[in-house]
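A.B. asks: Pasting the sequence and the predicted model now:
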Amino acid sequence: MKNSFEIYSKLPPKFYRRELLDVAKDLLGKTFVRKINKKTLAGVIVEVEAYDGRTDKAAHSYGGINERNKTMFEQGGVLYVYFIYGIHYCCNVVTGQKGIGSGVLIRGLQPAVGINTMIKNRFGNIEANEKQLRNLTNGPAKITQALNINKMQNGTDLNGNQIFLAENNFSKEFEIISGKRIGIKKSADLLWRFYIKNNPYVSHI
DNA sequence: CCACGGATTGGCT
DNA sequence: GCCAATCCGTGGA
């Protein structure tokens, strides 16, 4: 029996090459799939934030291309992984056309497949207590740790087989809440954070 | 050249 | 609520 993520086709490149905020909202409820060491790790996206290199002072890409942010300027459909605070990695889905510098930060994931491996990646344990389970993937750097994503995955083509997004086989019935983005000072009033109402894997309530 | 702050997290008060 | 961990791009001297 093939698992459901191989039956449901991955999202096509054109999904990512649309308007930033449309892609951001449409990412909610999609499945984020990570294949590593012949294992599948996957979760449903429940929280995102949009960043626009042209108008948004909080975006890494605002102010032009550099060594760190160059992946953001690729054509939509690749993964931008950045290193922050000397410790953490976070990942974005790059959107739009080449040269724009827009992307969507993945901030919350509801674990679905390979949860035991995620626990091992996050805590080094086989077993996890309730608190650890709640904190498995409810934050951008927690997600990269759980899914074993680091700078090696920066620029990964989301149309490949290592990391991709797929439709899910869950209900599409959910309410989207928008609000201010977390942890930024510039362009702080934009309501470019989107999350699924009442989902326990949203990072900040 | 050096100081500073950042799309975060986890531990301690 | 506060703060350390600790890399890297930016900006001022």
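C.D. replies: Received, thanks.
A.B. asks: Could you list the contact residues of chain A toward DNA strand B?
C.D. replies: Taking Cβ under 7 Å from any atom of the strand as the test, the list of chain A residues beside DNA strand B reads A:49, A:51, A:58-61, A:72, A:80, A:82, A:84-88, A:90, A:92, A:103, A:105, A:122, A:135, A:139-142, A:181-186, A:203. Heads up, the C-betas are built off the backbone N, CA and C, glycines and all.
A.B. asks: quick one: which of the residues you listed sit in helices?
C.D. replies: Of the positions in the residues of chain A next to DNA strand B, A:122, A:140, A:141, A:142 sit in helices, assigned by DSSP state H.
A.B. asks: Closest one to DNA strand C out of those residues, please.
C.D. replies: Taking Cβ to the nearest atom of the strand as the measure, DNA strand C lies nearest residue A:141 of these, at 9.5 Å.
A.B. asks: Please name the bridge partners of residue A:88.
C.D. replies: Using DSSP bridges, the beta-bridge partners of residue A:88 come out as residue A:84.
A.B. asks: Report the buried residues of stretch A:10-18.
C.D. replies: Buried residues in stretch A:10-18, defined by neighbour count with 16 or more other Cβ atoms under 10 Å: A:10, A:11, A:15, A:16, A:17.
A.B. asks: Identify all contacting residues around it.
C.D. replies: Contacts of stretch A:10-18 from elsewhere in the structure, counted by Cβ atoms under 8 Å, 6 or more residues apart in numbering, are A:23, A:26, A:30, A:33, A:75-77, A:93-97, A:158-159, A:164-167.
A.B. asks: Repeat the analysis, applying 10 Å as the threshold.
C.D. replies: Applying Cβ atoms under 10 Å, 6 or more residues apart in numbering, the contact partners of stretch A:10-18 are A:22-23, A:26-27, A:30-31, A:33, A:75-78, A:93-98, A:103-104, A:157-161, A:164-167.
A.B. asks: tally of neighbours for the residue in chain A positioned nearest to DNA strand C?
C.D. replies: Going by Cβ to the nearest atom of the strand, DNA strand C is nearest to residue A:86 of chain A, at 2.6 Å. Using other Cβ atoms under 10 Å, residue A:86 is surrounded by 5 other residues.
A.B. asks: related to what we said a few turns ago, got a quick ChimeraX command for the buried subset of the contacts of stretch A:10-18?
C.D. replies: Filtering these down to the buried ones (16+ other Cβ under 10 Å) takes a single ChimeraX command:
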select /A:23,26,27,30,31,33,76,77,78,93,94,95,96,103,104,158,164,165,166,167
